[in-house]
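> Pasting the sequence and the predicted coordinates here, then a few questions.
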Protein chains: 2
Amino acid sequence: MSKRQHEPSKEPPLTDPSTRQPTHGERARTLVAAEATGTLATLKDGHPYASLVAFAMAGPKAVFLISEMAAHTKNLRADTRVSLLVAEKVVVDPLAHGRVTLVGECRVLERGSDEDRAAREGFVARHPGAQVYVDFKDFHCWTLDLREVRYIGGFGRMSWVGAEAFEAAEPDPLAPSAAGIIDHMNADHADANLAYAHAFTRATDATAARMTAVDRYGFDLMVDTPAGSKPARIAFDEPVATPEQVRKSVVALLKEARAKLA
Amino acid sequence: MSKRQHEPSKEPPLTDPSTRQPTHGERARTLVAAEATGTLATLKDGHPYASLVAFAMAGPKAVFLISEMAAHTKNLRADTRVSLLVAEKVVVDPLAHGRVTLVGECRVLERGSDEDRAAREGFVARHPGAQVYVDFKDFHCWTLDLREVRYIGGFGRMSWVGAEAFEAAEPDPLAPSAAGIIDHMNADHADANLAYAHAFTRATDATAARMTAVDRYGFDLMVDTPAGSKPARIAFDEPVATPEQVRKSVVALLKEARAKLA
């Protein structure tokens, strides 16, 4: 959709494209885990029908608790083929706005089965308001048996992800704290961001840099240079799982950067 | 989905259900006019596929400017049946969160035709960033020829709306200023809201009332009573089109309410 696709830059990127970053399967799992509503596409007499739906993830499986009265449930009763679009709502950089489409078939869970009980419990944990109707006779739990996943992230990232890769991936453990880490780094450590840019990217003439994303493998910078703003990727020495580990890693990287620049 | 549907209250509503309010066609037109992205459901080899799409309304017609490279465009080239879900993003009261599904067929506009030129111009006006790619050869304008509309509003409002009713309806002229009017009434005129509740609803024992919606035909109140909070509807004497007309109408209604309560 962007100019980027049509007029690729001839300049090399600021950092090596192989710098470790989440796979598209991991990005998709992370995005879906952070949201709780999506758009369900079903078939109404063969015609595609899009409707808003609440969901909860049971591990890699999407679960729905829906009324027999709902239009999409009537559609599912006749044809189980679906896809669920989940779009990221809260983003630090709007250019990084991502979305995931889960494509597969919906299956109604047998009322009272272990799978059904676990699904209802997980759904109510994610949607406390569902407590009101979880036991109504006309509400059933359904699960989405995946066939494939379409992932579209920011900056031209997009691909089809196999069901197995999606199911094997783990949501990023830092996702819930990423926004806070980014705010802190940009508000209080602009000098560190700039040192990373000078030491670890081609932008030795950078005038400023701000963090735009952080995940278990590293972080993204948007680097201001005399030739414009460019993205760069910095990897941690090893994957991290907690904000405290991020803190240690960015301190270690800063030490390394300053030694290199001295 | 709510308790309301399953356990209807036996008490009469605070105000006459026939109090004038926007039709579902008008509500749907208003909602769609306020948004610019939605979820498109298309068919991928007969399987429903949901994807995020930018749109612009050309009067009652949804218009898309999409690349031949996009998955949904490939789907449309094979089968033109679609639906577009548009969900309200900015709401004053989350219970009033609405959404609209436009069901119909997509038609590609002939490049250079009057309809195509008008559609591109309208699309770029709504999405200024599209200026970058509007003339790319692989981007075409499509329009959605409507078959029917599903409207789901807050408080159990939902219905199928015919294509003609949707196309004949006008978006509410107050929609862009409604949030400001509501904030003002609740912040500075809580006494007026309560006077409306006392004078024009059954809640003569109301302890507080806040405005939750305003449109060309009147406004909604949420009224606190000793028996809980209940919604009420107050109609203007005649439809209004501007914030200034709202101001005159609420002042006139307050005079009427005080006379009645005196």
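Thanks, I have it.
> Tell me the residues on the stretch 101-250 of chain A that lie near chain B, please.
A:101, A:103, A:132-133, A:136, A:150, A:152 (C-beta under 8 Å from any C-beta of the partner chain). All C-beta atoms are positioned from the backbone trio N, CA, C, and that covers glycine.
> and with 6 Å instead?
With C-beta under 6 Å from any C-beta of the partner chain as the criterion, the stretch 101-250 of chain A meets chain B at residues A:101, A:132.
> Now the residue nearest to residue A:138 when sequence neighbours are not counted, what are its backbone angles?
Using C-beta to C-beta, 6 or more residues apart in numbering or on different chains and skipping residues adjacent in sequence, the residue nearest residue A:138 is residue A:68, 4.3 Å away. Here is the backbone geometry of residue A:68 (degrees, to the nearest 10): phi -60, psi -20.
> give me the number of residues near residue A:68?
As a burial measure, residue A:68 scores 13 neighbours (other C-beta atoms under 10 Å in any protein chain shown).
> Tell me how far the closest residue to residue A:207 other than its chain neighbours lies from residue B:27.
Nearest in space to residue A:207, with sequence neighbours left out and distances taken as C-beta to C-beta, 6+ apart, is residue A:224 at 5.0 Å. Taking C-beta to C-beta, to the nearest Å as the measure, residue A:224 falls 46 Å from residue B:27.
> Between the two, tell me which one has more neighbours.
Under the criterion of other C-beta under 10 Å, the comparison of residue A:224 against residue B:27 puts residue B:27 first, with 24 against 18.
> Against chain A, how distant is that one?
Taking C-beta to the nearest C-beta, to the nearest Å as the measure, residue B:27 falls 16 Å from chain A.
> A helix includes that residue, no?
Yes - with DSSP: H, G, I helix; E, B strand; the rest coil as the criterion, residue B:27 is part of a helix.
> Pull the contacting residues for it.
For residue B:27, the contacting residues are residue B:153, by C-beta atoms under 6 Å, 6 or more residues apart in numbering or on different chains.
> So for it, what's the pLDDT?
Among the per-residue scores, residue B:27 shows a pLDDT of 88.
> The closest residue to residue A:189 other than its chain neighbours: neighbouring residues, count only.
Spatially, and ignoring its direct neighbours in sequence, residue A:189 is nearest to residue A:250 (7.7 Å; C-beta to C-beta, 6+ apart). If you count neighbours by other C-beta under 10 Å, residue A:250 ends up with 24.
> residues of the helix or strand containing residue A:250 that come out buried?
Secondary structure assigned from DSSP states H and E places residue A:250 in helix A:243-261. By neighbour count with 16 or more other C-beta atoms under 10 Å in any protein chain shown, helix A:243-261 contains the buried residues A:243, A:245-246, A:249-250, A:253-254, A:257.
> can you check stretch A:52-71 too?
A:52-58, A:60-67, A:70-71.
> Which ones among the residues you listed map onto helices?
Counting by DSSP state H, those place residue A:71 in helices.
> could you pick out which of the buried residues of stretch A:52-71 are near chain B?
Contacts with chain B within those, as defined by C-beta under 6 Å from any C-beta: residue A:52.
> rewinding a little: now what about the helix holding residue A:250, what contacts it?
Contacts of helix A:243-261 (C-beta under 6 Å, 6+ apart): A:177, A:181, A:192, A:195-196, A:198-199, A:236, A:240.
> Out of the residues you listed, which is nearest to chain B?
residue A:177 (25.2 Å; C-beta to the nearest C-beta).
> Which helix or strand contains that closest one?
Per DSSP H and E: helix A:175-188 holds residue A:177.
> likewise residue A:123?
helix A:114-126.
> any idea how far the most centrally placed residue in chain A is from residue A:79?
Centroid-nearest residue in chain A, with C-alpha atoms, centre = their mean: residue A:31, separated by 2.4 Å. Using C-beta to C-beta, we find residue A:31 at a distance of 27 Å from residue A:79.
> Likewise for residue A:68?
16 Å.
> do the same with residue A:248
Distance of residue A:248 to residue A:79, computed by C-beta to C-beta: 52 Å.
> that older thread, and the helix holding residue A:177, what does it pack onto?
Applying 3 or more C-beta pairs under 6 Å, 6 or more residues apart in numbering or on different chains; DSSP states H and E, we find helix A:175-188 packed against strand A:208-215.
> following the strand it packs on, which helix or strand comes up?
strand A:218-225.
> what sits up against that following strand?
The contact list for strand A:218-225 (C-beta under 6 Å, 6+ apart) reads A:14, A:197, A:203, A:205-213, A:229-236.
> can you confirm residue A:103 is in a strand?
Yes - under three-state DSSP, residue A:103 sits within a strand.
> For it, which residues are in contact?
A:83, A:147-148.
> and which of those residues is nearest residue B:36?
Nearest to residue B:36 among those: residue A:83, at 22.3 Å, using C-beta to C-beta.
> re earlier: do me a favour and average the pLDDT over the helix holding residue A:250.
Mean predicted lDDT for helix A:243-261 stands at 97.
> With stretch A:164-179 instead?
Mean pLDDT, computed over stretch A:164-179, is 93.
> same check, this time on stretch A:85-99
Rounded mean pLDDT across stretch A:85-99 is 69.
> Check stretch A:116-128 too.
92.
> Counting neighbours, which bits of that stretch end up buried?
Residues of stretch A:116-128 classed as buried: A:116, A:119-120, A:122-124, A:126-127 (neighbour count, 16+ other C-beta under 10 Å).
> closest to chain B among the residues you listed?
The nearest member of those to chain B, counting by C-beta to the nearest C-beta, is residue A:127 at 10.4 Å.
> Any idea what the closest residue to that closest one other than its chain neighbours is bridged to?
Of all residues not flanking residue A:127 in the chain, residue A:54 sits nearest, at 5.4 Å (C-beta to C-beta, 6+ apart). Using DSSP bridges, the bridge partners assigned to residue A:54 are residue A:37.
> surely residue A:54 meets residue A:129?
No - taking contacts as C-beta atoms under 6 Å, residue A:54 lies outside contact range of residue A:129: 8.9 Å.
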